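Asker: sequence? don't have it. structure:
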Ligand code: 7PJ
């Protein structure tokens, strides 16, 4: 499986890709504006790359449940300097987490490769044109409602079928609008208009998304359902996140969006080896252990 993201062709069959989260918001739910300053953000990204990140996902608008939309100028002011510096100073594959065409365009002009849109290109009609113009990689994520309203009363027939059908429809729609299939990745949107039970069902039945024949991205790092399952506060959810990551990889996830890059990269390697024992041979030296 390949994912074409402008001039970068990512391979995500045997080794899952790690997408490191770089929040540049003052209110982001788990790292509280730690990276508001762009030099600090670039240093944090450098560390993630050293720790095994394949992609850096830069986000300037908090999409946590209940969050209000951020003003476009403010979002630009937050993400553009960071993306520009990352493109100049690193060889990272850069993703921009935005629902806005103007932000995506500025990000692309400054060297980003991927548009990660939690609205699956439905929020801003101009976004599909930006993606097409640049040949950007695109993450199509399922969300029920908007970040402000999504947790109000999430209801599905069968959550796995409903989310898969939605993603299928979005793949068809954006291809109809001119995007190339090989630029698309899909994401069930863990935590976006879902109960803890919905989230668990989606991860347990992630194999259902293989039918879309596109890379499957999963973002569950430190999310609230992990707190509901364990009682752990957000700053103590690494172990739960890694368990969710291992199960996701086992069930076919290709890309994991994470805060704890070093730990996640290690867990992903082990889970991938167990998922495909026959392929493990090709990337582990034949040592007796
Ligand atoms: C996701 C995301 C996710 C994708 C966020 C948080 C909330 N993008 N952006 N998938 N989550 N593609 O990190 O808790 O699950 S923001």
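Answerer: Received, thanks. All values reported here derive from a predicted model rather than from experimental measurement. Residues are numbered from 1 along each chain as shown.
Asker: From one end of stretch 86-97 to the other, what's the distance?
Answerer: Using Cα to Cα, to the nearest Å, the end-to-end distance of stretch 86-97 comes to 15 Å.
Asker: Going by residue numbers, what spans are strands in the stretch 1-150 of the chain?
Answerer: Using DSSP state E, counting those that start in this stretch, the strands found in the stretch 1-150 of the chain span residues 2-5, 8-11, 17-23, 55-59, 93-97, 114-117, 137-141.
Asker: which non-adjacent residue is nearest the residue nearest the centre of the chain?
Answerer: Geometric centre of the chain, nearest residue: residue 257, 4.4 Å, by Cα atoms, centre = their mean. Spatial nearest neighbour of residue 257, excluding adjacent residues (Cβ to Cβ, 6 or more residues apart in numbering): residue 219 at 3.6 Å. For the C-beta atoms, the positions are set from N, CA and C on the backbone; glycine is no exception.
Asker: Can you add mean neighbour count, mean pLDDT and distance to residue 240 and give the strands of the stretch 1-150 of the chain back as TSV?
Answerer: Below are those laid out as TSV (neighbours: other Cβ atoms under 10 Å; pLDDT from 0 to 100; distance: least, Cβ to Cβ, whole Å):
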stretch	mean neighbour count	mean pLDDT	distance to residue 240
strand 2-5	20	98	27
strand 8-11	15	98	27
strand 17-23	27	96	16
strand 55-59	26	97	20
strand 93-97	28	98	22
strand 114-117	28	98	23
strand 137-141	27	98	21
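Asker: what about the ones you listed, which gets the closest to residue 271?
Answerer: Closest of those to residue 271 is strand 17-23, at 12.0 Å (criterion: Cβ to Cβ).
Asker: Run me through the strand neighbours of that closest one, direction for each.
Answerer: Sheet pairing of strand 17-23 (DSSP bridges) gives strand 55-59 (parallel), strand 255-258 (parallel).
Asker: burial count for the residue in the stretch 101-250 of the chain positioned nearest to the ligand?
Answerer: In the stretch 101-250 of the chain, the residue that lies nearest the ligand is residue 219 (2.4 Å; Cβ to the nearest ligand atom). By the criterion of other Cβ atoms under 10 Å, residue 219 has 26 neighbours.
Asker: Quickly note the distance from residue 69 to the ligand.
Answerer: 14 Å (Cβ to the nearest ligand atom, to the nearest Å).
Asker: How many neighbouring residues does the closest residue to that residue other than its chain neighbours have?
Answerer: Closest residue to residue 69 apart from its sequence neighbours, by Cβ to Cβ, 6+ apart: residue 61 at 6.9 Å. Residue 61 has 26 neighbours, counted by other Cβ under 10 Å.
Asker: distance between the ends of stretch 137-146?
Answerer: By Cα to Cα, the extent of stretch 137-146 from end to end equals 23 Å.
Asker: Same question for stretch 212-222.
Answerer: End-to-end distance for stretch 212-222: 27 Å, by Cα to Cα.
Asker: Sort out which residues of that stretch are buried, please.
Answerer: Judged by neighbour count (16 or more other Cβ atoms under 10 Å), stretch 212-222 contains these buried residues: 212, 214-222.
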